[in-house]
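J.: curious how this folds, go ahead:
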Amino acid sequence: MPERLIWSPPRDLQMRRMRIEGASWDEIATELRLSRRCVIERGRIFGVLKRAADEPPAPDGGRAPLPAGHHASWGALTAETTLRGQTYPWPPLAHEV
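T.: Residues are numbered from 1 along each chain as shown. The predicted structure is shown next:
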């Protein structure tokens, strides 16, 4: 039967610190000499599942959202499609009832 693992406060602190600093689960498991799954489950308890590198970038500082049909967003959406080069349908198409 496998030996029961007892998490100590120093081990918890090391796991959280490494994850916040950007270490992968594999790196943490190797450092703590535990299985990857065991470390991930413990991270779930503390809410440190995502690394700092996994965080989404901050929104563009102060820029208002682009309006519907703006050439930058419409062009990105239609690139490599059959609508490439077409203008945005304005006014919007009427919904059939």
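J.: which ones are touching residue 73?
T.: Applying C-beta atoms under 8 Å, 6 or more residues apart in numbering to residue 73 gives the contacts residue 66. No exception for glycine: its C-beta is placed from N, CA and C like everyone else's.
J.: ok, now how distant is it from residue 89?
T.: Separation of residue 73 from residue 89 (C-beta to C-beta, to the nearest Å): 14 Å.
J.: before we move on, what about residue 75?
T.: When C-beta to C-beta is the yardstick, residue 75 and residue 89 sit 14 Å from each other.
J.: was I right about residue 72 contacting residue 66?
T.: Yes. Counting by C-beta atoms under 8 Å, residue 72 touches residue 66, with 6.3 Å between them.
J.: ok, those two, which is more surrounded?
T.: Using other C-beta atoms under 10 Å, the more surrounded residue of residue 72 and residue 66 is residue 66, with 11 against 8.
J.: that one: helix or strand, and which one exactly?
T.: Using DSSP states H and E, residue 66 sits in no helix or strand.
J.: which one is it nearest to, not counting chain neighbours?
T.: In this structure, residue 66 finds its nearest non-sequential neighbour in residue 73, 4.9 Å apart by C-beta to C-beta, 6 or more residues apart in numbering.
J.: what does residue 49 give?
T.: Leaving aside its chain neighbours, residue 49 sits nearest to residue 43 (5.6 Å; criterion: C-beta to C-beta, 6+ apart).
J.: ok, now residue 14?
T.: Nearest non-adjacent residue to residue 14, counting by C-beta to C-beta, 6+ apart: residue 32, 6.9 Å away.
J.: next up, phi/psi of the one you found, please.
T.: Torsion angles at residue 32 (phi, psi; degrees, to the nearest 10) stand at phi -90, psi -10.
J.: what count of nearby residues applies to it?
T.: Look at residue 32: counted by other C-beta under 10 Å, it has 17 neighbours.
J.: what sits against it?
T.: Counting by C-beta under 8 Å, 6+ apart, residue 32 has contacts 11, 14, 15, 39.
J.: so where's the protein shaky on pLDDT?
T.: Counting by pLDDT under 70, the ranges of the chain that qualify are 1-3, 51-61, 90-97.
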